[in-house]
Each structure stands twice: as structure tokens, then as C-alpha cells.
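> here you go, sequence then predicted model.
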Amino acid sequence: MWYSVKKAFTNLLSPPQTIDYPATPIKRVERYRGLIEYGEEHCIYCLKCEKACPPGAILFTHTDTPTENPKNKKSLAYDYNPHLCIYCGECVRACPKPNEALWQSEKKPGIGVKEDRVNERWFEVEGRKGS
Amino acid sequence: MGRKIIDIPLGSQHISLLEPIKFRFACENEKIVDVSSDVGFVHRGIEKACTTKFAYDAVPYVVARICGLCAITHSLAYTTAAESLLEGVVTRRAKYLRMLLVELDRIHSHMLCLSHTAENAGFEAMFMRIMGDRESVMDIQERITGNRVQFDYVSIGGVNRDITTDIEKEIRKTLAFIREKTHGYLEEFTTNWSLSLKFKGVGVLTLDEAYRYNAIGPLARAAGLATDVRSETDYLPYNEIGYEMRVGEGGDIYSRNIVRLFEILNSITMCENILGGLPEGEIQTKMKGKPTGEALVRLEAPRGELMYYIRGEGKAMLSRVRIKTPTFASIPAFIEVFKGSEYADAPAILASFDPCMSCTAK
Ligand code: SF4
Ligand code: SF4
């Protein structure tokens, strides 16, 4: 019981556990799992990343304005949904050219707001994929 | 006057509940004489999704989302089952890293339970303190896996990230901090009247009942039943890292708290031994083929035995995934404990079971 009483008093004098946000910024750990980034010029369009992705956050769909990349024989365009992604990194592990064509950054996604048409835009991409 | 029995519900929404569960207590005066329960309020159809929406290699990430507290144990149980169907061998380093994360999970899960037990005794300050200290465990898990809650650490073939010497140092520092804190909690849980006197003899599960109603995990061990999947299976080399079973006596809330506290201490020792004896080698092995056949895996989650049954027919999609979670298996024992208790003790008893409804309803 005395231990508890002593603890209660020392607790009064100890600093709080919480941080003074936003005056003190939240510290980001090293190797934080963040957004997936794509380097189109190195991509060989093997579509392994699309196949590996558990929630289907990477999709390659047909486009009429394909990139110059000679590997892009089927006129595909890369699409990525940061709000669907679970940041597992499976795509990067599946990619034959990690760090060049696909890599995991430490950036955070922006907040998905209505103006960005986050959902509608993605439904369109999924619709193109399905058709 | 005859006996008058009144039905009092607890849940599905109740101030003392963390997650939706419903009990209906038939009470005679203050005594609970009969109990019925309902657990399916957070059903998400995960078993079905695992066989219709996701290929077998994506399932570890799906099952990890069953529960935020024992995400690692879920994905690990599944991957162990899938690996046995693919007949792959995981490197020893990967196994050690898996055990490290499972034990860290156990530490913070037990801390969460203890904090809620303290809260239910009216000891709000203790709740805050334990939750604050628990944050340091979450921090090292974030350092290892890159995320604070959804670790996505285990995948078929091994683990996704290795640890560096910097991280190792940080883990050791945190473990030493938690060990010191846990000794403090032990002192308080045994000497503070709110936590010791109040809880002694309340919510008793006898050894005989534990046998008969198939209690598992800390609930069973507190009643004196020596059962722990860690000592019964050998997918993970627990015998090499200093695992010790702690069996309590009395089977009351107090005894469950003490068992959990000692398990935290044992898990800390195991984590240190893992870091000390971490084998060299790769963390991933490539596994080929599609799962064919049946596999059943048991693992000790923080709340007791977690069981995964999977069946594959050589296709990318599995034909069956069945998950039996510890809370679900313990419900008959819960009901038995409630019978004969005071209604006013029900929230405290329930918190001491450490029920996880997301797991149960999946
Ligand atoms: S990190 Fe995971 S969820 Fe995100 S795009 Fe890659 S594979 Fe898909
Ligand atoms: S796996 Fe890599 S190379 Fe292949 S399509 Fe995806 S980004 Fe391109």
C-alpha cells in the first residue's frame, strides 16, 4: 500500500506521457512504412506488383496515351491508390527492379477529401480494369 | 414470498465494455444464477473473404486485421499452416524474429488487460500509467515493423524486415524499462488494497471447472491448469529461449492478474534471449507451388490457444479457412465463473477474462 501512496505522489511531479501536439511534432520512426513510389522509366511492365498486391491498390489499365517506355507494349498506365494501400511492401518485394521501378518511401498519404474524388476516381480505374 | 428472478442485460453496449458482447444475467437479488451470451456483433465475414476474395499469399494480411492486439499471432498461425502445405522450411532467424514479435505482442496485450482490470477496480490512475508505459512496447514494434498497430510483418516464407543493431539496442532498453515497471506493478497488484483485497476470491474458476469447461490461456493457468500451446508444439523453438510456464492458484481475478504479470516478465526474458541468440541467415525463403491438402496449426495467443485450419486444392484460392479464437473457446468457462457471482462484480470479472470480441466474431 505504501508503494502505491509513494507512487501517487511521485506521479504528481512526473512529466506527462502525452506530447504537446501540434507545438511538439509527432516523431516519425526511421524506416516508417509509407507511400509506394513508382519510377515509370525503369518499369518493365511485368505486372508482378499488381498481382502481388493484397488489396488491389496497384492497377495497370489500358490507356490511349501510353508512355514512351519501349517495354510498355500493351499501352498500359500505372495507377496507385494510397488510401487502399496497406503499406505491406509486397509489391516492392515482387518487383524485379526494386528501388528503381518501385520503392517504399517514408511519406504519409494526404487526407482523402471529397474534392480529390478519391473514391470515384478509383472506381473509374477499377471499371476500366474490369471491362 | 417465492423466489424472484430478474433478467439484467450487460451489453451489447455498456459503459464497462470495450467491445460489443452481450450477456443476459438472471439474478436473484444481487446473485447471478444463470447467464446467456451473444458474441457476434462485429462479424466481418473474414473466413469467407479468405476463400473468395484473396489468394492464399494475401491471406496473412487479411487475417492480421481480425484483431489489433494479436495481429502477429493471427498472421503467424495462418502462415505456419500455409507453409506446412507448401512444404517449405523457414530459416531459424525468421523463426526467432517471429517469436520476438509474438512475445512483444503478448507483453503489450497483457498490459492492456491489466490496465483495464485496474480501471474496473476504480483505479483510474493506474490504468493511465500502464497504458502510458505500454506505449513504449508499441514504439519498438513500430521500429521493427514500420507500423504501430498493423505490423504486416509475417509473410509466407519468413518475415518482411530484419532488425539492425540500432533497433536491437532500443529493444533492450525498452525491455529493461518494462521489466522495472512490471516489478512495480507486481508490488501494487499484490499490496494495494484496491487491486488485491478487492479481487481475491472474486470471479473464481476452480481447477475442476477449468478442466470441464475447457478453459485456456491465462484463465486456465490461473486456475492451476498447466496448459500452454508454447510448451505443447514445436513450430517455434520456445524451449531454446527460456520459456517457463507460470501456473497460479485460486483461479480468481487476483490470480489471473498475477499470472499475467509473471508472463510479462517471462516474455521479457525470452525476448532478451532471442536477441542474444539470434541466428545468422536469411529472413525469407522462396516458397513455390499452391497449397494442397489440409493443415491445422495451434499457437498460443496472449489470450490462449488460437487454432487455424486451412484446406487447399492446388489453386490460388483456398477452399476453407477456419479460425478458432481463444475468447470463443473460453465462453463456457466465462459463463461458469459468472454463475454465483454478484452482479456488481460482473464488469470487473469480464475485464479480467481479457475478452477479444473482434477475434471472436471475426
Ligand atoms: S504496399 Fe502492399 S497494399 Fe500497398 S501497393 Fe504495395 S502490395 Fe499493395
Ligand atoms: S513489378 Fe516493378 S517492373 Fe513489374 S510492373 Fe510492377 S513496377 Fe513495373
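Ah, there it is. Ligands and ions are numbered 1, 2, ... in the order given.
> the stretch 201-350 of chain B: strands as residue ranges?
Listed from the start of the chain, the stretch 201-350 of chain B has strands (DSSP state E, counting those that start in this stretch) covering B:292-301, B:304-313, B:320-324.
> include distance to ligand 1, mean pLDDT and mean neighbour count when you put those into a markdown table, please.
For every residue, glycine as well, the C-beta is placed using N, CA and C. Formatted as a markdown table, the entries for the strands of the stretch 201-350 of chain B read as follows, by distance: least, Cβ to the nearest ligand atom, whole Å; pLDDT from 0 to 100; neighbours: other Cβ atoms under 10 Å in any protein chain shown:
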| stretch | distance to ligand 1 | mean pLDDT | mean neighbour count |
| --- | --- | --- | --- |
| strand B:292-301 | 24 | 87 | 19 |
| strand B:304-313 | 22 | 87 | 21 |
| strand B:320-324 | 20 | 87 | 17 |
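> can you add distance to residue A:59 and give those strands back as JSON lines?
As requested, those are exported to JSON lines (distance: least, Cβ to Cβ, whole Å):
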{"stretch": "strand B:292-301", "distance to residue A:59": "30"}
{"stretch": "strand B:304-313", "distance to residue A:59": "27"}
{"stretch": "strand B:320-324", "distance to residue A:59": "26"}
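> near chain B, which residues of chain A are found?
Residues of chain A found near chain B, taking Cβ under 8 Å from any Cβ of the partner chain as the criterion, are A:1-4, A:7-8, A:11, A:17, A:29-33, A:52, A:54-55, A:86-90, A:93.
> filter those to the buried ones?
The neighbour-count test (16 or more other Cβ atoms under 10 Å in any protein chain shown) marks A:4, A:7, A:29, A:31-33, A:52, A:54, A:86-90, A:93 as buried among the residues of chain A next to chain B.
> and the two most separated of the residues you listed?
The largest separation in these, counting by Cβ to Cβ, is between A:4 and A:52 at 52.7 Å.
> who touches the closest residue to residue A:48 other than its chain neighbours in this structure?
Spatial nearest neighbour of residue A:48, chain neighbours left out: residue A:94 (4.4 Å); criterion: Cβ to Cβ, 6 or more residues apart in numbering or on different chains. The neighbours of residue A:94, taking Cβ atoms under 8 Å, 6 or more residues apart in numbering or on different chains as the test, are A:48, A:49, A:51, A:52.
> where's residue A:94 relative to ligand 2, distance?
Distance, residue A:94 to ligand 2, by Cβ to the nearest ligand atom, to the nearest Å: 6 Å.
> about what we covered before: so which of the residues of chain A next to chain B are also by ligand 1?
A:52, A:54, A:55, A:86, A:87, A:88, A:89, A:90 (Cβ under 6 Å from any ligand atom).
> contacts made by stretch A:3-20 with the rest, please.
Defining contact as Cβ under 8 Å, 6+ apart, one finds that stretch A:3-20 is touched by A:26, B:125, B:128, B:129, B:132, B:135, B:184, B:187, B:188, B:191, B:192.
> would you mind listing what in chain A touches ligand 2?
Taking Cβ under 6 Å from any ligand atom as the criterion, chain A approaches ligand 2 at residues A:43-49, A:94-97, A:101-102.
> next, count neighbours for the residue nearest to residue B:235 when sequence neighbours are not counted.
With Cβ to Cβ, 6+ apart as the measure, residue B:80 is the residue that lies nearest to residue B:235, at 5.2 Å, once sequence neighbours are left out. Other residues near residue B:80 come to 22 when the count uses other Cβ atoms under 10 Å in any protein chain shown.
> minimum distance to ligand 2: which of the strands of the stretch 201-350 of chain B has it?
Each of the strands of the stretch 201-350 of chain B was checked against ligand 2 via Cβ to the nearest ligand atom, and the shortest separation belongs to strand B:304-313, namely 25.4 Å.
> tell me what that closest one is packed against?
Applying 3 or more Cβ pairs under 8 Å, 6 or more residues apart in numbering or on different chains; DSSP states H and E, one finds that strand B:304-313 contacts helix B:71-86, helix B:217-222, strand B:292-301, strand B:320-324, helix B:326-338.
> tell me how far that strand lies from the chain's centre.
A distance of 16 Å separates the C-alpha centroid of strand B:304-313 from that of its chain, computed with Cα atoms, centre = their mean, to the nearest Å.
> just stretch B:321-339 next, same as before
13 Å.
> how about it and chain A, touching?
No. Using Cβ under 8 Å from any Cβ, no contact is recorded between stretch B:321-339 and chain A, whose separation bottoms out at 14.6 Å.
> and that stretch, which residues are buried?
Taking 16+ other Cβ under 10 Å as the criterion, stretch B:321-339 shows B:321, B:323, B:325-331, B:333-338 as buried.
> which ones are touching residue A:79?
The contact partners of residue A:79, by Cβ under 8 Å, 6+ apart, come to A:58, A:59, A:60, A:61, A:122, A:125.
> mind checking the SS state of it?
Assigned by DSSP: H, G, I helix; E, B strand; the rest coil, the conformation of residue A:79 is strand.
> distance of it relative to ligand 2?
In this structure, residue A:79 and ligand 2 are separated by 12 Å, where distance is defined by Cβ to the nearest ligand atom.
> same question, residue A:7
Separation of residue A:7 from ligand 2 (Cβ to the nearest ligand atom) stands at 55 Å.
> give me the element that residue is part of.
For residue A:7, the host element (DSSP states H and E) is helix A:2-13.
> got a list of contacts for stretch B:41-54?
Residues outside stretch B:41-54 that contact it (Cβ under 8 Å, 6+ apart): A:54, B:12, B:19-22, B:59, B:62-63, B:65-66, B:317-323, B:357-358, B:361-362.
> correction: stretch B:76-86
Among residues not part of stretch B:76-86, those counted as contacts by Cβ under 8 Å, 6+ apart are B:56-57, B:59-60, B:63, B:90, B:98, B:102, B:154-157, B:235, B:287-299, B:306-310, B:312, B:321.
> ok, stretch B:100-108 next?
The contact list for stretch B:100-108 (Cβ under 8 Å, 6+ apart) reads B:69-73, B:76, B:134, B:137-138, B:140-141, B:144-145, B:151, B:153-154, B:159, B:171, B:178, B:236, B:263-264, B:267-268, B:270-271, B:274-275, B:299, B:302.
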